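**Q** 3D model of this:
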Amino acid sequence: MNPRSTISFAGHPVHVMLVPFVIGFYTGAFLSDVGFAVSGDPFWARAAIWLIGAGIFMSALAATVGFLDFILEPKIRDLSAAWWHLGGNILLSAVSIVDWFLRYEEGEVAGSHNYIWLSLVAVLLLIFNGWKGWEMVYSHHVGVSD
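**A** Model (predicted):
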């Protein structure tokens, strides 16, 4: 039997339902930073800090559900990809929280200008974490009903 997702709705893993929001918010924040860098319009800097905040909120929800799956299903904990996925997501959360606080302290415009590199790091971590999540689902069939 495949490793199962312990938190599901109508047979669908909840973690997988929440992750696209996280991806969208953090990717949108980076693109907003790029938009600010190109146009100088403070709207984009304001959008970036709000998107990072929304990403942090949705990350907390997705991480809670994903961590419960990790803790409650021993077959998931046996996968090295799960450990890499967990570690990468903890790092992503830390980077994003630091990014948000730095922007909050410096102001949206200065923050977007000074910390665009942190939003790029977040997107790179999303790619790595997505790769490990994909490996868990497609190679190890985590949460897949046969």
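**Q** those strands in this protein, which residues are they?
**A** 8-9, 12-13 (DSSP state E).
**Q** Over to stretch 103-114 now: how far is its first residue from its last?
**A** In stretch 103-114, first residue to last residue: 8 Å (Cα to Cα, to the nearest Å).
**Q** now do stretch 97-113
**A** 17 Å.
**Q** Contacts only, for the spatially most central residue of the chain.
**A** With distances taken as Cα atoms, centre = their mean, the residue of the chain nearest its centroid is residue 22 (4.6 Å). Under the criterion of Cβ atoms under 8 Å, 6 or more residues apart in numbering, the neighbours of residue 22 are 55, 58, 59, 62, 126. For every residue, glycine as well, the C-beta is placed using N, CA and C.
**Q** Wait, residue 2 touches residue 144, no?
**A** Yes. Counting by Cβ atoms under 8 Å, residue 144 is a contact partner of residue 2 at 5.3 Å.
**Q** model confidence over the longest helix seen in the chain, on average?
**A** The longest helix of the chain (DSSP state H) is helix 42-72. Taken as a whole, helix 42-72 has an average pLDDT of 97.
**Q** quick one: buried residues of it?
**A** Using 16 or more other Cβ atoms under 10 Å as the test for burial, helix 42-72 gives 44-56, 58-59, 61-63, 65-66, 69-70.
**Q** what does stretch 130-146 give?
**A** For stretch 130-146, by 16+ other Cβ under 10 Å, it's 132, 133, 135, 136, 137, 140, 142, 143.
**Q** Got phi/psi on residue 6?
**A** phi -80, psi -20 (degrees, to the nearest 10).
**Q** quick one: which of the contacts of residue 22 is nearest to residue 115?
**A** Nearest to residue 115 among those is residue 55, at 13.8 Å by Cβ to Cβ.
**Q** I am finished for the moment; much appreciated.
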